[in-house]
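[1] no sequence on hand, only this structure:
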DNA sequence: GTGAAAGCGCTAACAA
DNA sequence: TTGTTAGCGCTTTCAC
């Protein structure tokens, strides 16, 4: 256990409270502040966070809950959060629910008491659950909109609409949407966006897929092809890349025979061949923005804080090599 | 602020100390224990971690330091750590140094006081620094060996040797190694493993690369090709996949013209085309094992704990589609 | 087996 | 501006 306030106080010849004030920007004479800071540095003093937390109830931690760290989408969000937090003196408490909503509820409960605020990525928990479990004054929700809570996300609708328009413009009259996990907020929104197809005279089939993974994409590739669609939009890039691989290995050419569009623009999307046309999403910025929003919330602490902030970041189609003119 | 020991004590009609004992497995009569546990559950009581930490110096947190969360290697290690920790009541404190060693030193210092123990992934910090900054009683180092600290890693040498033998067996007489970041522990070890080439009559050229990323791989692809080698081994999969893309787009066929071998077997390695032959590494197991080792260390606390544990997990070549018989 | 009392390191009144 | 005092919630002697 390192030196304590008392040690520093003795070294400088002042009282512990003066040291405390000097360290945390209270009202102290410039001279004493300097002396204290000096001594603190010399002794290697760092205020004990536990003791602080005990008094003012602030742990100095921010909790982040994600559904699955194996999903590159969330690791990019995580990177953003982490990069923002490094410039503050908050620490990051990370929890991975492993896609288990029961567990998620429990972690939310546990995390809450070890953090000053929570960043929640939970695509599958019901709105009602979220509202019950989360304190609006100390929570920011990522990747979805929940009315009564602060949120940072993209609006999935315009991206999907652009994707459909893109395919329609290339002459596709029949497309398939490979859906995401049941209950997913963004999947629901994306299906809404799909409605534009009707106006464009494009037929849409929906193919269900259990999980939004590469392997599931391999499966879904065959299903999507069987619908007879010439263009496929996938819930996310992992699914899209899985389909890509499957189609290619079946001798179906992409984009000559079938066009494929992903979602999220994960790093892998521009590393596969052909490079994936996808709806890009500023994942890292979502993380950063969410962290910033949370810290603002924690700083203000104005009790009844009007209406919760809803931040919508821009997202749109990035055309690469996996989409092309419809066959014949 | 939820209920406190005192609240529970009052509810049951005992003293706070009895509640404390009942909650943390002290000596209490079975009857009182049950009563206390009951009341605690009813009130939703959870012991305040800060108060606990203040007394016994144990925060209930484990710190994990990684160099870059954008690198899929580390996110898989992270997943392993996280999955192990979820079965315990430790929380995970995560820090990303963003490949900045100065910052790394600082975080190590900061993290230390908020955690009971540290898990360190730091390929570039010097051994001496690590030894200075880390307490052997509460630290586990990942992905490298530092004599005086507990470590969990693979031995990179056999994998590289298998890779060279594999290429030699396929008739390659001249290979290139695309190196990793200067100062990297595993890069150094991999170069050692390369020595076997001489015995096999295989010529080796080393190509430097600034960072172990996809983009750097794009660059390195041209350099490696220019050496005239017919087989290339890359420091990691990201580099390998970058090269793959570059060569393919230059019209060089893989594996017909050139064979490529990666390192680490990240998820992407089996999602690209052709699927990458690579030296697989049990990343998630490294994370799990390291977490387990740390918790053991923290539990034992036997002051002078003999020699630090060095755990070597198995790794070896996984042959996929990016390697083939040498041309002509 | 249980209660009373003290104190972990810090900060926030309240005096001075 | 500074020092004194009290106490955050918990555990841990020490009596009983």
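    Good, I have the coordinates. Source: prediction; values computed, not measured.

[2] how about the strands of chain A, start to end?
    Secondary structure of chain A, counting by DSSP state E: strands at A:61-66, A:91-96, A:117-121, A:139-142, A:150-154, A:174-178, A:203-207, A:231-234, A:259-264, A:277-280, A:310-313, A:316-318.

[3] can you redo those as TSV with mean neighbour count?
    In short, each C-beta sits where N, CA and C put it, glycine included. Listed next are the strands of chain A as TSV, based on neighbours: other CB atoms under 10 Å in any protein chain shown:
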stretch	mean neighbour count
strand A:61-66	26
strand A:91-96	24
strand A:117-121	26
strand A:139-142	27
strand A:150-154	24
strand A:174-178	25
strand A:203-207	17
strand A:231-234	32
strand A:259-264	29
strand A:277-280	25
strand A:310-313	14
strand A:316-318	18
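
[4] and whatever residue of the stretch 151-300 of chain A ends up closest to DNA strand D, how far from residue A:140?
    Going by CB to the nearest atom of the strand, DNA strand D is nearest to residue A:298 of the stretch 151-300 of chain A, at 19.1 Å. Separation of residue A:298 from residue A:140 (CB to CB, to the nearest Å): 10 Å.

[5] equivalent analysis for residue A:27, please.
    Using CB to CB, residue A:27 is found at 33 Å from residue A:140.

[6] likewise residue A:327?
    Residue A:327 is 46 Å from residue A:140, by CB to CB.

[7] what do you get for residue A:130?
    12 Å.

[8] ok, and for stretch A:102-113, which residues are buried?
    A:104, A:105, A:107, A:108, A:110, A:111, A:112 (16 or more other CB atoms under 10 Å in any protein chain shown).

[9] quick check: buried residues in the lengthiest helix in chain A?
    Ranked by residue count and defined by DSSP state H, the top helix of chain A is helix A:283-300. Neighbour-count burial for helix A:283-300 flags A:283-295, A:297-298 (criterion: 16+ other CB under 10 Å).

[10] quick one: distance of that helix to the chain centre.
    Helix A:283-300 sits 11 Å away from the centroid of its parent chain (CA atoms, centre = their mean, to the nearest Å).

[11] kindly report the same for stretch A:42-57.
    For stretch A:42-57, the distance to the chain centre is 31 Å (CA atoms, centre = their mean).

[12] now the terminal residues of that stretch, how far apart.
    Stretch A:42-57 has an end-to-end distance of 29 Å (criterion: CA to CA, to the nearest Å).

[13] ok, and what's touching it?
    A:2-5, A:7-8, A:11, A:20, A:23-24, A:39, A:58-60, B:1, B:48-51, B:53-54, B:59, B:110, B:113-114 (CB atoms under 8 Å, 6 or more residues apart in numbering or on different chains).

[14] what's the longest helix of chain A in contact with?
    Contacts of helix A:283-300 (CB under 8 Å, 6+ apart): A:62, A:73, A:76-85, A:88, A:90, A:116-119, A:137-140, A:142-143, A:150, A:152-154, A:264, A:266, A:305, A:309, A:311, A:313.

[15] got the angle between it and strand A:259-264?
    Relative orientation of helix A:283-300 versus strand A:259-264 (axes from the mean of the first three to the mean of the last three CA atoms, to 10 degrees): 20 degrees.

[16] does DNA strand C have contacts with helix A:283-300?
    No: Helix A:283-300 lies out of reach of DNA strand C by CB under 7 Å from any atom of the strand, never closer than 14.1 Å.

[17] pLDDT of that helix, averaged?
    Across helix A:283-300, pLDDT averages out at 96.

[18] next one: stretch A:121-136
    Mean predicted lDDT for stretch A:121-136 stands at 94.

[19] tell me the buried residues in that stretch?
    So for stretch A:121-136, counting by 16+ other CB under 10 Å, buried means A:121, A:122, A:123, A:124, A:125, A:129, A:130, A:133, A:134, A:136.

[20] correct me, but the fifth one touches residue A:104?
    Yes: judged on CB atoms under 8 Å, residue A:125 makes contact with residue A:104 at a distance of 6.1 Å.

[21] now the stretch 201-328 of chain A against DNA strand D: closest residue?
    Counting by CB to the nearest atom of the strand, the stretch 201-328 of chain A gets nearest to DNA strand D through residue A:301 (17.8 Å).

[22] give me the number of residues near that residue?
    Residues within reach of residue A:301, counting by other CB atoms under 10 Å in any protein chain shown, total 9.

[23] count of neighbours near residue A:249?
    11.

[24] next to chain B, which bits of the stretch 1-150 of chain A? Give me the list.
    Selection of the stretch 1-150 of chain A residues close to chain B by CB under 8 Å from any CB of the partner chain yields A:1-2, A:46, A:48-51, A:53-54, A:57, A:59-61, A:69-70, A:72, A:75-76, A:78-79, A:82-83, A:86, A:91-96, A:98, A:103, A:110-111, A:113-114.
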